[in-house]
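Engineer: here's a sequence, model it:
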Amino acid sequence: MEVDTQHYDDIIIGGGKAGKTLAPALVADGRKTALVERSLNMIGGGCINIACIPTKTMVASANVANTVRNSAAYGVKTNTPSVNLAEVIQRKRSVVQGMREMNLHNLETALDSNLIIGEARFVAPKTIAVTTTEGNNRLLTAERLFINTGTRPLIPSVPGLTEVEFLTSESIMELEYLPEHLIVLGSGYIGLEFAQMFRRFGSRVTIIGQSEQILSQEDPDIAIAVQRLLEQDGIEFLLKAKVLRVDRTGNETILQIQVGDREITLQGSHLLVAVGRAPNTESLNLPAAGVATDTRGFIQVNDRLETNIPGIWALGDINGGPQYTHISLDDYRIIKANLIDGGNRSTRDRLVPSCLFIDPELAQVGLTETEAQQQGYAIRVAKVDASAVPRARTLGQTDGLLKAIVDTDTGRILGCSLLCHEAGEVISTVQMVMQAQMPYTVLRDGILTHPTMTEGLNILFSKL
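Structural biologist: Model prediction:
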């Protein structure tokens, strides 16, 4: 069979945030560039199609239902909300489709016929074979290659799990009827967002966590505060729990669980597996290129995102760094600075914010108290309840906790965790002060608009 062979200056495998942003920049730099994406349904990457955008669209619907359900507390009487999950899903699809079409237009404008839809695999360090969705085989070579293939739901090794129907973070967003009892396996970001979402839609929800606390990367006081908030929503927790076996009988999924020194049986209508993400590397045939991976399959890179093979870089979730879209975007900035702008950027010391989109949100940047202590800092800790913020009282959003870690010697903010309304927005103000290496007194003494949630930073840092 004759194979079509083409040479490029640059090839990008995968069109996630880093890849889709890098492609037009390389073209503008005069580089002949191809971008290979496995499916038209994944144009724009995981964030747009299966992660951030669709989940937050559904979170918004869940929060509307919760607001209606609790409207009497605001002096507004309404009927009990009736959630039509099929319509929620349709709204989610509409938002995703609009953003996917926008990204497709941008890539086609920049790349024209060099946007290739198909499955790529290495056959040599600088050569990939692509089987297109039309069934054609193409051989592409390039001076430089950039891998941006992202991740997928991790499926743990649990006896019986693969023999029963279970949901992942992707398939649950296509479920058009409400689960009677949703069991969530996993107590991290993904599991908690879906747990609260479906509880507010009207499902009974039980979370199973293997660790002693949920959100194992957070300080215990923050994790406990989040758990209490979710318990107020009616979510049940089983922690320090190990699933021994999963079975399906009729319409029920049955889990045998070890909790401490006792074994219990838990039954639910649906099981969501949300224990992490696995790298999309297995189909790339990385050994043919000599690209090294870690024991989990993530591509190993240095602080300039270079793999062990010269001329090959790995960007976004696939390189094992923080799995956030804003990190993938910063990976693009590093590549652009170093390869196009003549700069010298790296991943060293970059400040990584995060946000858990439950209600209220949990946002975090910098070190936790635990991490600061482990790194030997002399620290001061400020804490205040969200109810101390006037804006929170006007909104009836008084649950939560604000916490900051400050270096005693320099007065600089080492880290901050905000569990409060609009925390994801407010944390950016803290981050800017940290990036400017200014002391915490800038936030303590700054004139911040009243009444806003950001004003809570005046209150928080005055505790020092």
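Engineer: where does the stretch 251-400 of the chain dip in pLDDT?
Structural biologist: Applying pLDDT under 70 to the stretch 251-400 of the chain picks out no residues at all.
Engineer: for it, just list every one of the strands.
Structural biologist: Listed in chain order, the strands of the stretch 251-400 of the chain (DSSP state E, counting those that start in this stretch) span 252-259, 262-268, 270-273, 277-279, 312-314, 354-356, 361-366, 379-385.
Engineer: winner for burial among those strands?
Structural biologist: strand 312-314 (a mean of 27; mean count of other C-beta atoms under 10 Å). Heads up, the C-betas are built off the backbone N, CA and C, glycines and all.
Engineer: what does that strand contact?
Structural biologist: 125-126, 144-148, 289, 291, 299, 301, 305-307, 335 (C-beta atoms under 8 Å, 6 or more residues apart in numbering).
Engineer: drop anything exposed from those residues.
Structural biologist: If you count burial by 16 or more other C-beta atoms under 10 Å, the buried members of the contacts of strand 312-314 come out as 126, 144-148, 289, 291, 299, 301, 305-307, 335.
Engineer: residues touching L175, list them.
Structural biologist: For L175, the contacting residues are 85, 89, 167, 270, by C-beta under 8 Å, 6+ apart.
Engineer: can I get the buried part of those residues as one ChimeraX selection?
Structural biologist: Filtering the contacts of L175 down to the buried ones (16+ other C-beta under 10 Å) takes a single ChimeraX command:
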select :85,89,167,270
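Engineer: between the contacts of L175, which sits nearest P24?
Structural biologist: I89 (32.0 Å; C-beta to C-beta).
Engineer: tell me where the stretch 51-200 of the chain is predicted with low confidence.
Structural biologist: Using pLDDT under 70, nothing in the stretch 51-200 of the chain is flagged.
Engineer: just give me how far the lengthiest helix in the chain sits from the chain centre.
Structural biologist: Ranked by residue count and defined by DSSP state H, the top helix of the chain is helix 85-111. A distance of 19 Å separates the centroid of the chain from that of helix 85-111, by C-alpha atoms, centre = their mean, to the nearest Å.
Engineer: list the buried ones in it?
Structural biologist: 85, 88-89, 92, 95-96, 99-100, 103-104, 106-107, 110-111.
Engineer: likewise for stretch 37-48?
Structural biologist: By neighbour count with 16+ other C-beta under 10 Å, stretch 37-48 contains the buried residues 37-38, 42-48.
Engineer: show the end-to-end separation of that stretch, please.
Structural biologist: 14 Å (C-alpha to C-alpha, to the nearest Å).
Engineer: got the contact list for that stretch?
Structural biologist: Counting by C-beta under 8 Å, 6+ apart, 14-17, 19-20, 49-50, 53, 96, 99-100, 102-104, 107, 115-120, 133, 148, 150-151, 316-317, 325, 328 sit against stretch 37-48.
Engineer: out of those residues, which are buried?
Structural biologist: For the contacts of stretch 37-48, buried by 16+ other C-beta under 10 Å: 14-17, 19-20, 49-50, 53, 96, 99-100, 103-104, 107, 115-120, 148, 150-151, 316-317, 325, 328.
Engineer: just the ones of the contacts of stretch 37-48 in helices?
Structural biologist: Among the contacts of stretch 37-48, the residues falling in helices (DSSP H) are 17, 19-20, 49-50, 53, 96, 99-100, 102-104, 107, 325, 328.
Engineer: between the residues you listed, which is closest to K32?
Structural biologist: Using C-beta to C-beta, the shortest approach to K32 within those belongs to L107, at 15.3 Å.
Engineer: tell me the contacts of the closest residue to that closest one other than its chain neighbours?
Structural biologist: Nearest residue to L107, sequence neighbours excluded (C-beta to C-beta, 6 or more residues apart in numbering): L115, at 5.0 Å. By C-beta under 8 Å, 6+ apart, L115 lies in contact with 34-35, 37, 107-108.
Engineer: and of those, the nearest to K240?
Structural biologist: K240 has its nearest neighbour among the contacts of L115 in E37, at 41.7 Å by C-beta to C-beta.
Engineer: can you check the pLDDT for that closest one?
Structural biologist: On pLDDT, E37 comes in at 98.
Engineer: the stretch 101-250 of the chain: helices as residue ranges?
Structural biologist: Assigned by DSSP state H, counting those that start in this stretch, the stretch 101-250 of the chain shows helices spanning 189-201, 220-232.
Engineer: show me which positions of the last one end up buried.
Structural biologist: The reference is to helix 220-232. Neighbour count says helix 220-232 has 222-223, 225-227, 229-230 buried, by 16+ other C-beta under 10 Å.
Engineer: which strands and helices lie in contact with it?
Structural biologist: Judged by 3 or more C-beta pairs under 8 Å, 6 or more residues apart in numbering; DSSP states H and E, helix 220-232 is in contact with helix 189-201, strand 236-238, strand 401-407, strand 413-420.
Engineer: residues contacting it, please?
Structural biologist: Contact with helix 220-232 is made by 192, 195-196, 199, 207, 213-216, 218, 237, 356, 358, 360, 362, 368, 383, 399-401, 403, 417, 419, as judged by C-beta under 8 Å, 6+ apart.
Engineer: and what of the first one?
Structural biologist: Defining contact as C-beta under 8 Å, 6+ apart, one finds that helix 189-201 is touched by 55, 58-59, 61-63, 65-66, 69, 83, 85, 88, 169, 172, 178-179, 182, 184-185, 205, 207, 214-215, 226, 230, 233-235, 272, 274-275, 356-359.
Engineer: from those residues, which would you call buried?
Structural biologist: So, of these, 55, 58-59, 61-63, 65-66, 83, 85, 88, 169, 172, 178-179, 182, 184-185, 205, 207, 214-215, 226, 230, 235, 272, 274-275, 356-359 end up buried under the neighbour-count rule (16+ other C-beta under 10 Å).
Engineer: going by distance to M432, which of the ones in helices among the contacts of stretch 37-48 wins?
Structural biologist: Relative to M432, the closest of those is T325; by C-beta to C-beta it sits at 19.4 Å.
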